[in-house]
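# Coordinates for the following, if possible.
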Amino acid sequence: MTTQLTRDQAVAIAGEAALSRAEGANCDYTGTCRNDGLTEFAAHAQGLDQDGVAITVSVYYYQDEQAAKDAESLDSLDWEIDHYRIA
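Numbering: from 1, shown residues only. This is a model prediction of the structure:
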């Protein structure tokens, strides 16, 4: 449905409640490792768009691959949101 979105763009489509659920959900590896040494993580939540259609809100984070491997706990990493997607 959409490509990479900012938070404001995602809120306009999915609403604050769905984004808050996705932001609060546990994230996991997506299996995507980029050429720049970053590993992708994502969290997902279900919601409804403005027309009442069921959607999935995804929140994406990127971590340095080596830092993620070396961390005793992934909680110690900086989990800054990179972008959102809605499907």
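# The residue lying closest to W79 once chain neighbours are set aside bridge partners, please.
Counting by Cβ to Cβ, 6 or more residues apart in numbering, W79 lies nearest to Y61, which is 5.5 Å off, once chain neighbours are set aside. No exception for glycine: its C-beta is placed from N, CA and C like everyone else's. Y61 has the following beta-bridge partners by DSSP bridges: F41, I81.
# who touches Y61 in this structure?
Y61 is in contact with C27, E40, F41, A42, A43, W79, E80, I81, D82, counting by Cβ atoms under 8 Å, 6 or more residues apart in numbering.
# Buried only: go through the residues you listed for me.
Buried residues within those, counting neighbours by 16 or more other Cβ atoms under 10 Å: C27, E40, F41, A42, A43, I81.
# Quickly find the element holding the residue positioned nearest the centre of the chain.
In the chain, the C-alpha nearest the mean C-alpha coordinate belongs to V59, at 1.5 Å (Cα atoms, centre = their mean). Using DSSP states H and E, the element containing V59 is strand 54-64.
# and that strand, what's its mean pLDDT?
The average pLDDT for strand 54-64 rounds to 95.
# can you give me the offset of it from its chain's centre?
Relative to its chain's centre, strand 54-64 lies at 2 Å (Cα atoms, centre = their mean, to the nearest Å).
# Any buried residues in it, and which?
Those would be I55, V57, S58, V59, Y60, Y61, Y62, Q63, for strand 54-64 by 16+ other Cβ under 10 Å.
# How much space separates the third one from I86?
Which is S58. 7 Å (Cβ to Cβ, to the nearest Å).
# ok, Y60 - contacts?
The contact partners of Y60, by Cβ under 8 Å, 6+ apart, come to Q4, T30, E40, F41, A42, I81, D82, H83, Y84, R85.
# re earlier: going by distance to V11, which of the contacts of Y61 wins?
Comparing the contacts of Y61 against V11 with Cβ to Cβ places I81 closest, at 12.6 Å.
# any idea of the angle the helix or strand bottoming out on mean pLDDT in the chain forms with strand 54-64?
Taking mean pLDDT, DSSP states H and E as the measure, the chain has strand 28-33 as its least confident helix or strand, at a mean of 87. Per axes from the mean of the first three to the mean of the last three Cα atoms, to 10 degrees, the angle that strand 28-33 makes with strand 54-64 is 60 degrees.
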